Structures are given as structure tokens and as C-alpha cells.
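Trainee: predicted model and sequence follow; I will ask about them next.
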Amino acid sequence: MIGVIGLSHKSAPLEVRECYAFGHGDVEKLSNNILSSDQVDELIVLSTCNRTELYFITSSNCLKGAIHQIDHCLRDYGPYDPMSKKHFYHLFDNGAVNHLFRLISGLESMVTGEYQIVSQVKEAYELAHQNNFSGKILNRLFIKTLEVGKLVRTRTEISRGAFSVSYAAVEKCREHFSNLEERNILLVGAGETGELV
């Protein structure tokens, strides 16, 4: 069974998403913890500024155990209590695959069609693959997902507008201020989005 447990800008406020924003070291530690039991067979963790999603494979009779194992391991990172748990969504089989295909296509992004998600999904897949967190099923799913992302962007005009939140922010500034190049601009925050701006 394929499953995804996640939260995003659509389901959780920023203060909850920040608790579950994982760097590479955290992803490796979390993945090792989740995979230490026999409840979860494969795992890919996607963590961006707007979402954290855990894609997993479990044998069909272990779904409840897999969810419990993931829930238990997430408690080490944030207030995974009844209040924060309500922000997480759970999708399985076709629902999980459809969600991933919508995600790679830019349909689940803050800015519809943004391209940055493609490199983020690719990076999450490569990290899992290199560390043997993913296996035959998730490897195939994520390779197909990257193919879908490429097809959507070459055969549709979804990426015609803004390519990322940072790009949209700069375009919005250009709408309101002439000669943007000659202005002093203060960027608050030193994260990836600020760097892209």
C-alpha cells in the first residue's frame, strides 16, 4: 500500500509547518527512525517551505501500524498532539499517487505552476534513494512523477506565469514601483525564498 502523511500551506498555519520543516540531517534521522520498525518498508520525505510530506510503502495488513510508527517518530520534532495532528492529511493508494502527480505539476503550490517543486521532489527522491530509504515501488513512482512533471510543463501552459513565490513577489513589486533596480529593498528572513528573491 502507498500512503502519504503530510501538511502544507493549505492545511496548516506557518507555526505548525515550521515545527516539521526538515533539513537533510533531520530527514535522514527521521527516516532511519521510521524504517527501524517492520511497519514501513520504504519512505521518501519531502520537506519544503510550504509542505512536509512522508510518502511510504507498507504491506496492506500493516497500514494502522505504519501510521502509528510515523506518528510516533514525528512526536520527536514538534507538538504532534491532537491540536497539531488535525493539520495532517492522510492519503492512500490512488489518492496518494494523484496528489503527488498534482504536486509535481504545480497544482498544489501557492503559485499555480511554480517550477521549484520539481527540483524539491527530485532532491527528496535522490536523498532517499542514496540512503536506501526508498525501494522498488517508491523509486518507480518518483521516476514516473518526474516524467509527469516534465510532460505537464512541455505540453501545457501551466508554468506560463510566475515560477515561484519569490518570482511572484518580485513581479508584484515591479507592478507597484517603477525602476525597481534603483530602489533599496529590505528582505526579511534569510531562508531559501529570500535567497531566490
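Mentor: Yep, that arrived.
Trainee: got the residue ranges for the strands in the chain?
Mentor: Along the chain, counting by DSSP state E, strands occupy 2-8, 42-47, 51-57, 89-92.
Trainee: so how far is the second one from its chain's centroid?
Mentor: Translated: strand 42-47. Put simply, strand 42-47 sits 9 Å off its chain's centre (C-alpha atoms, centre = their mean, to the nearest Å).
Trainee: what is that strand packed up against?
Mentor: helix 24-35, strand 51-57, helix 116-130, helix 136-155 (3 or more C-beta pairs under 8 Å, 6 or more residues apart in numbering; DSSP states H and E). (Glycine included, C-beta is placed from N, CA and C.)
Trainee: do that again at 10 Å, thanks
Mentor: Packing partners of strand 42-47 (3 or more C-beta pairs under 10 Å, 6 or more residues apart in numbering; DSSP states H and E): strand 2-8, helix 24-35, strand 51-57, helix 94-104, helix 116-130, helix 136-155.
Trainee: just give me how far the fourth one sits from the chain centre.
Mentor: Here helix 94-104 is found 12 Å from its chain centre; the criterion is C-alpha atoms, centre = their mean.
Trainee: now do the longest one
Mentor: With C-alpha atoms, centre = their mean as the basis, the distance from the averaged C-alpha position of helix 136-155 to the chain average is 15 Å.
Trainee: check which helices and strands that helix sits against.
Mentor: strand 2-8, strand 42-47, strand 51-57, helix 94-104, helix 116-130.
Trainee: tell me which of these sits most buried.
Mentor: Of all the helices and strands packed on helix 136-155, strand 51-57 has the most neighbours on average by mean count of other C-beta atoms under 10 Å, namely a mean of 25.
Trainee: how about a markdown table for the helices and strands packed on strand 42-47, with distance to residue 176 added?
Mentor: Shown next, in a markdown table, are those (distance: least, C-beta to C-beta, whole Å):
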| stretch | distance to residue 176 |
| --- | --- |
| strand 2-8 | 28 |
| helix 24-35 | 37 |
| strand 51-57 | 29 |
| helix 94-104 | 31 |
| helix 116-130 | 24 |
| helix 136-155 | 29 |
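Trainee: which one of the ones you listed lies nearest to residue 67?
Mentor: strand 2-8 (6.9 Å; C-beta to C-beta).
Trainee: which residue sits closest to residue 24, ignoring its sequence neighbours?
Mentor: Take residue 24 and drop its neighbours on the chain: the residue closest to it by C-beta to C-beta, 6 or more residues apart in numbering is residue 127, 6.4 Å away.
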